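>>> quick one: sequence plus predicted model below, questions after.
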Amino acid sequence: MATIKVYGSTYSTVAMRVFAALYEKDIEFEFVPVDMRAGEHKKEPIISLNPFGQIPAFEDGDLKLFESRAITQYIAHEYFDKGTQLVIRDSKKMAILSVWTEVEGQKFDPAASKLTWELGIKPLLGMPTDSAIPLSRAISFYATDFFYATEPGKTNKIKKGNEFINRV
Ligand SMILES: N[C@@H](CCC(=O)N[C@@H](CS)C(=O)NCC(=O)O)C(=O)O
C-alpha cells in the first residue's frame, strides 16, 4: 500500500505540480480527491494538514507538508535515486536551476495562475469570470516580465511588453 497521500483535485494546476514530480520519480501514491466546489478544502482533514485551507496537502508516513514547491523539493531529495534525476549535486548548476525555479514561482506563476483560474478553471466549474480589468493587468504583467527576461538588453520594459502582447 502506498505510504504517500496527495490531497488535491485534477482541476488544480498546483496539485499537478506534485503529481508531475511523483510520476517523474516513478513513486506510487494515493490520490485523495478534494471537492473544492463543496468547500472540502476548508474542512478536515485538509485544514489540519494546511492551515491556509488549500490544496495540495501531502503525507509521507508521519511527514505532513503543504506548499506544492516544498513538496516537490522533498520528493526530489528524499527519492534522489529513483526515476528522473531532479536534483543536481553540482552547486553551481543547482544554483542556476534555482534561479529559474524562483522565476517560475515569483514572476511567471502569479500571472499565469490568474489567467488559468479566470479563463480555464472558472468556466469549467461554471463560475463567472472576473471583469476584464484585473485580467488585462495579469496579461500585461506576464507579457512585460516575459519579454524582459527573454531579451534582457531591452530598456523600455512596458513598451516592449505591449509589443509582445500585440504579437501573440
Ligand atoms: N502556493 C500554494 C498555492 C495553493 C493554492 O492556491 N491552491 C488552490 C488550488 S489550485 C486552493 O486551494 N485554493 C482555494 C483557496 O485558496 O481557498 C501552493 O503552491 O501549494
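Alright, I've got the coordinates.

>>> how far does stretch 88-107 sit from the chain's center?
15 Å (CA atoms, centre = their mean, to the nearest Å).

>>> report the buried residues of it.
By 16 or more other CB atoms under 10 Å, the buried positions in stretch 88-107 come out as K107. C-beta here means a position set from N, CA and C on the backbone, and glycine is covered the same way.

>>> over to stretch 109-120?
109, 111, 114, 116-118.

>>> ok, stretch 8-22 next?
Per 16+ other CB under 10 Å, stretch 8-22 contains these buried residues: 8-9, 11-12, 14-15, 17-19, 21-22.

>>> just stretch 120-130 next, same as before
For stretch 120-130, by 16+ other CB under 10 Å, it's I121.

>>> do stretch 70-78 as well
71-76.

>>> what's the answer for stretch 45-60, then?
Result for stretch 45-60 [16+ other CB under 10 Å]: buried residues 46, 49-50, 54-60.

>>> of those residues, which is the nearest to the ligand?
Taking CB to the nearest ligand atom as the measure, the ligand sits nearest to Q54 out of these, at 3.2 Å.

>>> give the contact list for the closest residue to that closest one other than its chain neighbours.
Counting by CB to CB, 6 or more residues apart in numbering, H41 is the residue found nearest to Q54 once chain neighbours are left out, at 6.1 Å. If you count contacts by CB atoms under 8 Å, 6 or more residues apart in numbering, H41 has them with 34, 53-55.

>>> residues contacting the residue nearest in space to the middle of the chain?
The residue lying closest to the centre of the chain (CA atoms, centre = their mean) is V14, at 3.9 Å. Counting by CB under 8 Å, 6+ apart, V14 makes contact with 8, 54-56, 68, 113.
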